[in-house]
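Novice: structure of the sequence below:
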Amino acid sequence: MAEIKRDIRYIDRDFNSFRNALVEYSKTYFPNTYNDFTETSTGMLFMEMASYVGDVLSFYLDNQIQETFIQYARQTENLYNLSYLLGYVPKTTTPSTVEIDVYQTIPAKTVGDAEVPDYDYALFIQENAVVNGVSGVPFILEDSIDFSVSSSLDPTEVSVYELSSGIPITFLLKKKRKAISSTINTTTFTFGTPVKFDKRTINSTNIIGILDITDSNGNTWYEVPNLAQETVFDTIRNTNPNDPNLSSDTEVPYLLRLRRVQRRFVTRFKNKTTLEIQFGAGTNNVNDEELIPNPDNVGLGLPFQKNKLTTAFSPTNFVFNDTYGIAPSNTTLTVRYLTGGGVSSNIPANTLTEIDTSFIRFLNPNLSDSSLANTTFNSVAVDNPIAADGGSDGDNIEELRKNALGNFQNQLRTVTQADYLVRALSMPARLGTVAKAYAEPAKIGEYQPGELPTILDLYILSKNANNKLKTSTPALKRNLQTYLSEYRMINDSIKIKDAFIINIGINFDIIVYPNFNNNNTLARCIQSLNNYFNIDKWQINQPILLKELYIGLDKVKGVQTVKNVEIVNLTGEALGYSPYAYDIKGATINDVVYPSLDPMIFEVKFPSVDIKGRVVPL
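Specialist: Numbering: from 1, shown residues only. This is a model prediction of the structure:
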């Protein structure tokens, strides 16, 4: 049979074009078979039905293609799924944050010839303590408060509260904590026979996320980005039993470690009011050790023919298993989740004045004076000296698209030097605070023969309680090393080092306009230089531009001419300065004081005495 060739149009997309094409097709190829094209004919009935089906299928195909691209998708569930595919977690609401001042009075006791606080009456406030006030918007404290300890990262301000005959009888203790606008909600889910990848949903408005999940046996379940990842960050108190070598470091209250967990789950927002929780596929009687390849055998053909030569390993998930975590069975899970936030949570200052006392207890349960203990317990007070801000109503459609695309580009990996800086500076404060960071490739002379040039030197500095720079402690460096291990590229090596601190002083001479007070003008000049050398504005390896100092002083009210500005090096640990000397004159070229080859930072340690000025005659 000879092949029949027909002229078929493939560009028709809607009902009318399909209908007209079918009519023309019939007239062209079947002129004698059918020629009744009136609206009421049977033939037109079938043609229009075929056109209807073609129109529906064309629309469905177009819609499905559109919904696969996040730039054009319209259906909410598809937008959320595509966001997760690109690694972005949609925000259905954003809580506001605020810094809370927490107070308690404490009785005095005599030690030698002095009156000091009696820390036997120190209180402990649990994390997630609820703070409220006239605004009606509840907040919870992010961290616990222990009034018996004080460190540079968690200082306790002590002041005299009450005197009797000039002798202190009561002290006032003050601590600061961050709080977020949220409410803790609780729900339970019961599980019987284990089901692979079992799911449960939480339906509520303004869901922030899961706070914690525990089962009937007291086991904790951990949230992970995906069920294939079995390691999570875990923090432990920096105490002698946990680590005797680092417990003396009072500036790092917590130590960071990686922990392997079987009980894990992931969460996914389906829409603004529905949060889905998914669990693993394994059971309690499955031994994970039999399913995880030994790191010594990775890349080798194992006896059971399990070859890993072509497996792509992630630095956050070096091991793989077949269970993807345990599936809950014969237990009840208690889920605590947070709700709240939104624009309405941005409340004014001095409106959070109440705290839930059920979160407060004495550290010492054996207090002899019950009346004094009761007075001390009731003395707890809170306040927010500044307004809460940062609350928003979550991502709208366009924000969701743009945030997801932006997140896909960075992929939460540290690739460039700037990535390492941001990641180091974003380490949670309770693990120790990195005040300054600077990254550069290791110098050629530091490489060993045959060593690949993949080493990055990360120079860091911390601050003490007086906001002055200091070298970081071993505990902080270890926490930072553990923290970066989850984000670094697998072939990168990071060496964490101390940057050098160079303390400087500034001497300047100015000429003052007539009718201006010399002392007041000098005070304004010193304040201007103090603002310029504010350590929060300075970074490691930042040079000093003398022209900027001249311009800044020249703008001060009352200054006619800036005659001279001199930078001097100040050293001496006995005087409170850095022990490192620096040749300021030798490093000054064309009115720029350059830093050394070894990363360093300039610091004015004591502005009140290190910045000196003179008024000289014209």
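Novice: can you give me the domain boundaries for this protein?
Specialist: Structural domains annotated on the chain: 15-67, 97-182+341-383, 413-498, 501-615, as defined by automatic domain parsing.
Novice: between the two ends of the first one, how far is it?
Specialist: Between the start and the finish of domain 15-67 there is a gap of 22 Å, counting by C-alpha to C-alpha, to the nearest Å.
Novice: returning to what we had before: looking at the domains of the chain, which is nearest to Phe279?
Specialist: Checking the domains of the chain against Phe279 by C-beta to C-beta gives domain 413-498 as the closest, at 22.6 Å. Using the backbone N, CA and C atoms, a C-beta is placed for each residue, glycine as well.
Novice: which SS class is Phe508?
Specialist: strand (DSSP: H, G, I helix; E, B strand; the rest coil).
Novice: what pLDDT does it get?
Specialist: Predicted confidence (pLDDT) for Phe508: 95.
Novice: equivalent analysis for Leu363, please.
Specialist: For Leu363, pLDDT reads 87.
Novice: what do you get for Pro194?
Specialist: Reported pLDDT for Pro194: 89.
Novice: where does the chain have low pLDDT?
Specialist: Across the chain, residues meeting the criterion (pLDDT under 70) sit at 1-3, 152-153, 236-244, 247-253, 283-323, 408-413, 428-431, 444-454, 465, 490.
Novice: residue closest to the middle of it?
Specialist: Ser426 (5.9 Å; C-alpha atoms, centre = their mean).
Novice: so what's it up against?
Specialist: If you count contacts by C-beta atoms under 8 Å, 6 or more residues apart in numbering, Ser426 has none.
Novice: separation between it and Leu86?
Specialist: Separation of Ser426 from Leu86 (C-beta to C-beta, to the nearest Å) stands at 21 Å.
Novice: compute the first-to-last residue distance for stretch 25-41.
Specialist: 17 Å.
Novice: list the buried residues in it.
Specialist: Ser26 (16 or more other C-beta atoms under 10 Å).
Novice: what's the helix or strand hosting Tyr222 packed up against?
Specialist: Assessed by DSSP states H and E, Tyr222 sits inside strand 220-223. Counting contacts by 3 or more C-beta pairs under 8 Å, 6 or more residues apart in numbering; DSSP states H and E, strand 220-223 packs against strand 207-214, strand 264-271.
Novice: I'd like the ones you listed written out as TSV, with mean neighbour count and distance to Ser485 added.
Specialist: What follows is the helices and strands packed on strand 220-223, written out as TSV (neighbours: other C-beta atoms under 10 Å; distance: least, C-beta to C-beta, whole Å):
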stretch	mean neighbour count	distance to Ser485
strand 207-214	18	24
strand 264-271	19	19
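Novice: do you know which of these lies nearest Leu400?
Specialist: strand 264-271 (10.4 Å).
Novice: let's see that closest one as PDB, backbone CA atoms only.
Specialist: Provided in PDB are the C-alpha atoms of strand 264-271 (Å, rounded to 0.1, in the frame of the first residue of the first chain):
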ATOM      1  CA  ARG A 264      15.400  12.200  62.100                       C
ATOM      2  CA  PHE A 265      12.800  14.000  60.100                       C
ATOM      3  CA  VAL A 266      12.300  16.600  57.500                       C
ATOM      4  CA  THR A 267       9.700  19.300  57.200                       C
ATOM      5  CA  ARG A 268       8.100  20.900  54.100                       C
ATOM      6  CA  PHE A 269       5.600  23.700  53.900                       C
ATOM      7  CA  LYS A 270       2.800  22.700  51.500                       C
ATOM      8  CA  ASN A 271       1.200  26.200  51.700                       C
END
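Novice: who does it pair up with?
Specialist: If you go by DSSP bridges, strand 264-271 pairs up with strand 220-223 (parallel), strand 274-279 (antiparallel).
Novice: closest to Thr334 out of the ones you listed?
Specialist: Of the strands paired with strand 264-271, nearest to Thr334 by C-beta to C-beta is strand 220-223, at 9.9 Å.
Novice: next SSE after that closest one?
Specialist: strand 231-237.
Novice: against Val593, how distant is Met600?
Specialist: Look at Met600 and Val593: by C-beta to C-beta, they are 11 Å apart.
Novice: same thing with Glu399?
Specialist: Glu399 is 44 Å from Val593, by C-beta to C-beta.
Novice: these two: who's more crowded?
Specialist: Val593 (19 against 13; other C-beta atoms under 10 Å).
Novice: now do the helices in the stretch 351-500 of the chain.
Specialist: 370-377, 397-410, 417-425, 474-485 (DSSP state H, counting those that start in this stretch).
Novice: tell me which of those sits most buried.
Specialist: Highest mean neighbour count among the helices of the stretch 351-500 of the chain (mean count of other C-beta atoms under 10 Å): helix 474-485, with a mean of 20.
Novice: mind giving me the packing neighbours of that one?
Specialist: strand 254-260, helix 417-425, strand 455-463, strand 493-498.
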